[in-house]
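Engineer: next come a sequence and a model predicted from it.
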Amino acid sequence: MEIFELAAQLGKELKKDERLVRMANAKEAYENDMDLRTLMREYQVQQIALEKTAGQKDVEARFLEMIQNRINELYDQIVAHPVYVELEQAQNAVNELMNAVNNTIMFEITGEVPSSCTHDCSTCGGSCGH
C-alpha cells in the first residue's frame, strides 16, 4: 500500500475515534450557540473600541478602564461558558491523540522514543515504546 493510501486510511479511522466525534459535536454546538456568539461578538467590538480609544489624545483613563473591565468580564463569561469549556476540552483530547499518533509514527521511523514522551502511557496507549 502506498504511503498516501495508508495516510488516508489512518485519517478515516481517526475520524471514527470518540475524541474526534466529540470534537465535531462540540464544534457544532459552539457554532450554533447564540448566547456564546453574542458574547464573542461583543468581546471583539470592545477590543476594537479599546484599540481605537487608546490611540486618542484626550481620553480619560477611567473610560479606558471601563472598556478594559468589560473586556475582562466578557472573557470570564466566555471561558466559563459550558459550550466553550466542552470545545476546549474536546480540542485538548484531540491534540493529545494526534501527538500520540505522531509519536508512534516517529518511533516506528527512528526506533527512538520521541522527546515529547511524557512517560505516562495513558497519553499514547503505550505505543511510544516507553
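Structural biologist: Now that the structure is in, tell me what you want to look at.
Engineer: low pLDDT regions in the protein?
Structural biologist: Applying pLDDT under 70 to the chain flags the ranges 116-130.
Engineer: tell me where the chain has helices.
Structural biologist: Ranges of helices in the chain, per DSSP state H, are 3-16, 18-32, 34-54, 61-80, 82-110.
Engineer: using a markdown table, please lay out these together with mean neighbour count.
Structural biologist: For glycine as for every other residue, the C-beta is placed from the backbone atoms N, C-alpha and C. As requested, the helices of the chain are exported to a markdown table (neighbours: other Cβ atoms under 10 Å):
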| stretch | mean neighbour count |
| --- | --- |
| helix 3-16 | 10 |
| helix 18-32 | 15 |
| helix 34-54 | 14 |
| helix 61-80 | 13 |
| helix 82-110 | 15 |
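Engineer: so the protein: which segments form each domain?
Structural biologist: What automatic domain parsing lists as the domains of the chain is 1-33+81-130, 34-79.
Engineer: got the phi and psi for the residue of the chain positioned farthest from its centre?
Structural biologist: For the chain, the largest distance from the centre (Cα atoms, centre = their mean) belongs to residue 58, which lies 39.2 Å off. Geometry field for residue 58 lists phi and psi as phi -100, psi 50, criterion degrees, to the nearest 10.
Engineer: please report how far it lies from residue 102.
Structural biologist: Distance of residue 58 to residue 102, given as Cβ to Cβ, to the nearest Å: 54 Å.
Engineer: residue 90 too?
Structural biologist: Separation of residue 90 from residue 102 (Cβ to Cβ) stands at 19 Å.
Engineer: coming back round to it: how near is the residue farthest from the centre of the chain to residue 66?
Structural biologist: Distance from residue 58 to residue 66, by Cβ to Cβ: 16 Å.
Engineer: likewise for residue 15?
Structural biologist: With distances taken as Cβ to Cβ, residue 15 is found 47 Å from residue 66.
Engineer: with residue 79 instead?
Structural biologist: Taking Cβ to Cβ as the measure, residue 79 falls 21 Å from residue 66.
Engineer: find the nearest non-adjacent residue to residue 46, please.
Structural biologist: Nearest residue to residue 46, sequence neighbours excluded (Cβ to Cβ, 6 or more residues apart in numbering): residue 71, at 4.8 Å.
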